[in-house]
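S.K.: Just need the structure, nothing else, for what follows:
(one chain, ligands or ions: 1)
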Amino acid sequence: MHVVIINGSPRTKKYSNTDKIIQAFGKGMIQSGATYELYSLSDRKEWEDAREAFYTHTRILIALPLYVECIPGLLLEFLETLHKKEENGTEISFILQSGFAEGCQLRCGEEFLKMLPGQLNCRYGGCLVKGDNFGIRIADDNQLEQILTPYEKMGELYGACGTFEFAEAKKFTGPEKFAFPIRILLAFLFKTVAKKKFIEAAKAWGCTQPLDDRPYAE
Ligand SMILES: Cc1cc2nc3c(=O)[nH]c(=O)nc-3n(C[C@H](O)[C@H](O)[C@H](O)COP(=O)(O)O)c2cc1C
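M.R.: You can find the predicted model right below:
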């Protein structure tokens with residue numbers, strides 16, 4: 001099986017968490033005997049080849065980060081340049097990943113992705129949904145291995161059957177919603193430790209005004 005993978009993140013390859021996920025997932029796919037070619041939409045020079053690959057092949061996998069609860073504008077822009085496939089038989093699957101960990105906050109994006117393949121005269125091949133990926137960019141090697149090894153395993157399973165319609169993919173999301181005490185604890189940590197870290201990071205980047213500054217409020 002040969003798969004066309006499209007990275008829908010606007011972040012360049014070097015900084016894209018989605019790219020790290022694709023690399024791990026692709027490694028798993030190869031272990032199961034599948035092959036793939038990858039296009040990153042952050043590089044507009046790759047768009048023409050990505051379109052060509054979409055029209056030529058029948059197994060498409062779009063990997064994307066959740067941006068403001070739904071799909072990145074850049075990916076939408078690319079999809080709007082595609083015309084419907086003349087012949088049916090193409091299947092589009094998705095890897096939807098995000099920063100926050102609860103599965104429930106990715107479901108709106110997932111619903112949108114379910115109806116997308118139909119617009120292009122393609123079938124929906126399922127969606128691998130998982131959050132808690134903010135840290136990929138700054139993770140050390142051990143942390144990276146912990147985050148990415150499960151994606152490698154998913155790649156192996158996807159490479160064997162070509163869809164996400166298997167039980168492990170459904171369980172992959174993790175908790176749909178955190179238990180109430182954990183939500184209280186997280187709210188407290190966000191208001192204290194995380195806030196302090198955000199302020200320090202902003203200062204390190206040269207930010208001189210408070211993070212809640214509203215210069216245009218008046
Ligand atoms: C502009 C922007 C909007 C984001 N919106 C969300 C969001 O609504 N929910 C969420 O859980 N994560 C959100 N994130 C976090 C990303 O989904 C997450 O960091 C992802 O791993 C980024 O992948 P990438 O580096 O390939 O773009 C957002 C990140 C950015 C930069």
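S.K.: going forward, measure contacts and count neighbours with C-alpha atoms only.
M.R.: Fine.
S.K.: State the helix or strand in which the nearest residue to Leu211 once chain neighbours are set aside lies.
M.R.: Among residues not flanking Leu211 along the chain, Ile199 sits closest, at 7.0 Å (CA to CA, 6 or more residues apart in numbering). Assigned by DSSP states H and E, Ile199 falls within helix 195-204.
S.K.: So what's the gap between that helix and the chain middle?
M.R.: Here helix 195-204 is found 26 Å from its chain centre; the criterion is CA atoms, centre = their mean, to the nearest Å.
S.K.: do stretch 24-43 as well
M.R.: Relative to its chain's centre, stretch 24-43 lies at 14 Å (CA atoms, centre = their mean).
S.K.: try stretch 136-152
M.R.: 15 Å.
S.K.: neighbouring contacts of the lengthiest helix in the chain?
M.R.: In the chain, taking DSSP state H as the definition, the longest helix is helix 141-161. Contacting residues not belonging to helix 141-161 are listed as 1, 20-21, 24-34, 133, 136, 164, 168-169 [CA atoms under 8 Å, 6 or more residues apart in numbering].
S.K.: Kindly recompute the last result at 7 Å.
M.R.: Helix 141-161 has contacts (CA atoms under 7 Å, 6 or more residues apart in numbering) with Ile21, Ala24, Phe25, Gly26, Lys27, Gly28, Met29, Gln31, Ser32, Ala34, Ile136, Phe164.
S.K.: Please identify the buried residues of it?
M.R.: 144, 147-160 (16 or more other CA atoms under 10 Å).
S.K.: from the contacts of helix 141-161, which single one is nearest the ligand?
M.R.: Within these, the smallest distance to the ligand is 7.0 Å, found for Ile136 (CA to the nearest ligand atom).
S.K.: what about the closest residue in space to the closest one that isn't next to it in sequence, how many residues close to it?
M.R.: Spatially, and ignoring its direct neighbours in sequence, Ile136 is nearest to Asn17 (5.8 Å; CA to CA, 6+ apart). Burial of Asn17 is recorded as 23 neighbouring residues (other CA atoms under 10 Å).
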